[in-house]
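S.K.: Coordinates for the following, if possible.
(chains A and B)
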Amino acid sequence: MSNLLRNRQVEFRLLVVLVLLCIGLSLTTDTFLTMANITSLLNNNSVNLIWAVGLLVVLIAGGIDISFAVAASVVQYLAAKILMGIGGGNWVLGFLVCGSLGVLLGLINAGLIQRFRIISIVVTIATFNAYFGLLMFISGGRSIYALPDWWTARVILFEHEAADGTWSELTLPFTVMVVCVGATWLLIRRSNLGRQLYAFGDNPEGARRAGVSIAVMQALAFGWCGLMAGIAGLMQVNIVQEVVPNALYGRELEVLAAVVLGGARLGGGRGTVTGCVLGVMFVAVTQNGLNLLGISPFAFQMIIGAAILIAISTSNISFAGLGNLRSGGRK
Amino acid sequence: MLDDGAARHALRLKGVSKVFGGVKALDGVDFDVREGEVHCLAGENGCGKSTLIKIVTGVYQPDGAEAFELFGERLESITPVQSRARGVSVIWQDLALFPNMSVAENIAFDEMVGLRPRGVDYRGMKDRARVVLARLGVTLDLDASLETLPIAQCQVVAIARALMNEARLIFMDEPTASLTQSETDRLLEIVRRLSADGVAIVFVSHRLAEVLDIASRVTVVRDGKLVGVYPTAGMTQARLGELMTGHLLEDHVTARDMATAPVVFQAQDLGLPGQFEGIDLTIRQGEVVGLIGLLGAGRTELAHAMMGMSQPISGQMRLHDQPYRPASIREAISQGMAYVSEDRLHLGLLQKQSIADNAAISVLDRLLDRFGLISNPQKIDLIRGWVTRLGIKIGQPDDAISTLSGGNQQKVVLAKWLATQPKLLILDSPTVGVDVGARAGIFRIVRDLAEQGLAILLISDEVSEVLYNADRVLHMAQGRIAGEYDPRKVSVHALEEVIYE
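M.R.: Alright, predicted model coming up:
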């Protein structure tokens, strides 16, 4: 247990803050701690969480991806065209098409990074612009409303009617999110491939010398991120019931902020699924709380920015002593 | 196979050659290591040691070899995977470990490598790591992340990782370069244990005393050619250095009597609680004063105070007979002090910047043109001047400093400080990580600078270094000057006894 606390300091601190935040909101509002609010919070943040675990894998491997949200838009648009083209399809085809398109877009990033030795932030800023520009050019910015029925139908997995008549429910995106989070955990924590990803992010040269295939690691990290982006795109359409080409533009920074808040390190080698989930939930609860308290939504981004600064600077304080040891430890 | 000696051969190379772009990195070298032997591979930087290691580990393929035998098996060539499978392991100087991962995962990392997906068994991994550490006679917290460990324990983790791969032949590249004396002793103890266990160890180190202590035989390579294989019994450091460099190293006492030279720097009863106290120190023009002592004796702390990086609370300092009390390093430099730090790689140089920028950084204000901008031609002139004076081997002044060898980097640091035209130069452990040939070069420069009238304070861990290069030796222990010695009247051995008593 003491080990768990020592190695999971960031997560533990975030959990404490999140719990305090929830207690505070339960006391100051009478709507926060209702089943309707909690379930809608979970449903509405499913897409962000799916993206977040995908991005987490890239960050652990020492990269960064700016293009995933726009990639999700591209996947949505292409999938809508393809699925309508073949007469509608079904959920299985939907997952297959969106998943493979997402993986493909992720592998384009990995291929550019590996082939031309360009750092990931430059590559993904480029693909972010290229994907988005191409999408707007081809679609003319027009939304697609004519979608297969299965895609836009609400799949309800749990529902409950409260005494006052308000409905709470958990929908398909929530379940898919749980599966994605679980699968990512299995990948990075429980499989040898995931541990190689950590090692690659931690010390690329050391990993290379140990025989870790760098090309495969890049492909795995960005492919996984692409897969999650594709699935997130599929789920987002299920929630909003339309494909709007520029709807997801700009969401990448919100997700990146949440993942970094959860303890993933830009630079690689560090980050956990638990931290990632807590980071997204912290951002979600903050936004929800401000909403319920009737505070201007503009305050939200300010608070998230401040939270990131506080999280990063305090984690540097507690790790400062360790940093010295790492760089020689001979003073 | 059992041609010489009773033990079987772990490795036998005969007439191995390797050519890079027309240059013979290895030219018909023979090399053999017996099972359970500690064997030293010695030579200056760039002599072909690394190439030899990389051929055995399969990183390079030999261009020619009369014989290549690994544990009695004849090979034409080998791949890295085959080499590792046969029990060959290298512990690189940078260890190639993973700071954010746990100790257990670092030890067992190689079993996770591969593209076939499989689960990770953390409990089994920890059990196996524990068994290997027990073989080394060490206990470590297996769950701690590696970055929380001191460098000496990281070294142990790297060795344990090699054993985890069932290594029977381990190459250790400069394993003691960043260890203290007691950590080195513990590491050598582990090496002896492994050797008794039948593991063959090839030791590469610049610290010749250590090499002679631990190894039973030494193979010397120079300019890609085999110089010879020698038993360490009866070998001296001076003889080994001579074999490595091809010329007699000036390892003789060079002390002069400087008692009549004008005093440059003087400290009286200088003290800073917890660091040093009651320090009386006089350094004269053209004099090299050696300052020796154990790690933590207060030598570096004293240097910091002399450079204005800390403020002594008692006593006084005088520079050229004027009261001297620098409030900052900037002030110390402007009064003619210069300090080449112990940790040159981290503190002394900007690794990614060019050689020219590094050398010029301390005198930028003297390179300004009439617009107040830095004049590039002037900068290049300055560099070329120092490159010639100090004999620095560089490609272009615009090359990154990291392209230079350790010895040449050290010379650039010297150039940077000498460009400020100092009166007193403090050299803090100038030869850590520098090979024996470059080391001799640095001391040649030190002597030349002293001849030209520069006062020098030479801080070192190695007794022979100060004894052969200083005019006077001060021994510092627990923050005090414990004794003063005339190099002409004391032997290395006698002084070592005093220091390590």
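
S.K.: mind checking how far residue A:244 is from residue A:128?
M.R.: Distance of residue A:244 to residue A:128, computed by C-beta to C-beta, to the nearest Å: 18 Å. C-beta here means a position set from N, CA and C on the backbone, and glycine is covered the same way.

S.K.: With residue B:426 instead?
M.R.: As defined by C-beta to C-beta, residue B:426 lies at a distance of 52 Å from residue A:128.

S.K.: ok, now residue B:224?
M.R.: According to C-beta to C-beta, residue B:224 and residue A:128 sit 51 Å apart.

S.K.: How about residue A:259?
M.R.: Residue A:259 is 17 Å from residue A:128, by C-beta to C-beta.

S.K.: try residue A:50
M.R.: Remark: distance between residue A:50 and residue A:128 (C-beta to C-beta) = 18 Å.

S.K.: Quickly find the element holding the residue in chain A positioned nearest to chain B.
M.R.: Nearest residue of chain A to chain B, counting by C-beta to the nearest C-beta: residue A:206, 3.6 Å away. Residue A:206 is part of helix A:204-209, with elements assigned from DSSP states H and E.

S.K.: which helices and strands sit right next to that helix?
M.R.: On a contact count with 3 or more C-beta pairs under 8 Å, 6 or more residues apart in numbering or on different chains; DSSP states H and E, helix A:204-209 meets helix A:192-202, helix A:214-240.

S.K.: Next, report how far it is displaced from the centre of its chain.
M.R.: Once both centres are worked out by C-alpha atoms, centre = their mean, to the nearest Å, helix A:204-209 turns out to sit 27 Å from its chain's centre.

S.K.: outside of that helix, which residues touch it?
M.R.: Residues outside helix A:204-209 that contact it (C-beta atoms under 8 Å, 6 or more residues apart in numbering or on different chains) are A:62, A:196, A:199-200, A:214, A:217, A:268, B:92, B:94-98.

S.K.: What ranges in chain B fall below the confidence cut-off?
M.R.: Of all residues in chain B, those with pLDDT under 70 make up the ranges B:1-7, B:248-251, B:342-349, B:351, B:405-407, B:433.

S.K.: Pull up the residues of it that are close to chain A.
M.R.: B:80-81, B:84, B:92, B:94-102, B:105, B:109-115, B:117-120, B:143-145, B:147-151, B:178, B:180, B:295, B:343, B:346 (C-beta under 8 Å from any C-beta of the partner chain).

S.K.: In helices, which of those residues fall?
M.R.: For the residues of chain B next to chain A, the ones inside helices are B:80-81, B:84, B:105, B:151, with DSSP state H as the criterion.

S.K.: among these, who's most crowded?
M.R.: residue B:105 (24 neighbours; other C-beta atoms under 10 Å in any protein chain shown).

S.K.: Could you check how far residue B:255 is from residue B:489?
M.R.: Distance of residue B:255 to residue B:489, computed by C-beta to C-beta: 9 Å.

S.K.: So if I had to pick from those two, which one is more boxed in?
M.R.: residue B:255 (20 against 9).

S.K.: isn't the more buried one right up against residue B:486?
M.R.: Yes. Using C-beta atoms under 8 Å as the test, residue B:255 is close enough to residue B:486 to be in contact (6.7 Å).

S.K.: what touches both of these two?
M.R.: residue B:472.

S.K.: wait, what's in contact with the nearest residue to residue B:420 once chain neighbours are set aside?
M.R.: Among residues not flanking residue B:420 along the chain, residue B:362 sits closest, at 5.1 Å (C-beta to C-beta, 6 or more residues apart in numbering or on different chains). Applying C-beta under 8 Å, 6+ apart, we find residue B:362 in contact with B:333, B:416-417, B:419-420.

S.K.: are any of those buried, and which?
M.R.: For the contacts of residue B:362, a burial check counting by 16 or more other C-beta atoms under 10 Å in any protein chain shown picks out B:333, B:416-417, B:419.

S.K.: circling back: what separation is there between the residue nearest to residue B:420 and residue B:371?
M.R.: Per C-beta to C-beta, residue B:362 is found 22 Å from residue B:371.

S.K.: Check residue A:58 too.
M.R.: As for residue A:58, its distance to residue B:371 is 46 Å (criterion: C-beta to C-beta).

S.K.: Which one's more surrounded, these two?
M.R.: Just comparing residue A:58 and residue B:371: by other C-beta under 10 Å the higher neighbour count belongs to residue A:58, 32 against 7.

S.K.: hang on, that one packs against residue A:121?
M.R.: No. With contact defined as C-beta under 8 Å, residue A:58 does not reach residue A:121; the gap is 10.8 Å.

S.K.: and the residue of the stretch 351-500 of chain B nearest chain A?
M.R.: residue B:432 (9.7 Å).

S.K.: can you tell me the helix or strand for that residue?
M.R.: Using DSSP H and E, no helix or strand contains residue B:432.

S.K.: Hmm, it is touching residue B:174, no?
M.R.: No. With contacts counted by C-beta under 8 Å, residue B:432 stays clear of residue B:174, the gap being 10.7 Å.

S.K.: Can you pick out the residue with more neighbours from those two?
M.R.: Legend: neighbour count by other C-beta under 10 Å for residue B:432 and residue B:174, higher for residue B:432 (20 against 17).

S.K.: Identify the residue of chain B closest to chain A, quick one.
M.R.: residue B:96 (3.6 Å).

S.K.: and that residue, how many neighbours does it have?
M.R.: Look at residue B:96: counted by other C-beta under 10 Å, it has 19 neighbours.

S.K.: who's in contact with it?
M.R.: By C-beta under 8 Å, 6+ apart, the contact list for residue B:96 reads A:203, A:205-206, A:209-210, B:158.

S.K.: mind redoing it with 6 Å?
M.R.: Shown in contact with residue B:96 (C-beta atoms under 6 Å, 6 or more residues apart in numbering or on different chains): A:206, A:209.

S.K.: again, but for residue A:92
M.R.: Not one residue lies near residue A:92 by C-beta under 6 Å, 6+ apart.

S.K.: Would you agree it falls within a helix?
M.R.: Yes. Assessed by DSSP: H, G, I helix; E, B strand; the rest coil, residue A:92 belongs to a helix.

S.K.: Residue A:234 touches residue A:99, doesn't it?
M.R.: No. Residue A:234 lies out of contact with residue A:99 (C-beta atoms under 6 Å); the separation is 8.1 Å.

S.K.: Specify which residue of these two has the higher count of neighbours.
M.R.: Neighbour totals were compared for residue A:234 and residue A:99, and residue A:234 leads with 27 against 20 (other C-beta under 10 Å).

S.K.: Now do that one against residue A:227, distance only.
M.R.: Taken as C-beta to C-beta, the span from residue A:234 to residue A:227 is 11 Å.

S.K.: cool, and residue B:320?
M.R.: To residue A:227, residue B:320 is 72 Å away according to C-beta to C-beta.

S.K.: between these two, who's got more neighbours?
M.R.: Counted by other C-beta under 10 Å, residue B:320 and residue A:227 do not tie: residue A:227 has more neighbours, with 25 against 15.

S.K.: I figured the more buried one was touching residue A:102, is that so?
M.R.: Yes. Here residue A:227 reaches residue A:102: they are 5.1 Å apart, a contact under C-beta under 6 Å.

S.K.: shaky segments in chain A?
M.R.: Residue ranges of chain A with pLDDT under 70: A:1-6, A:314-331.
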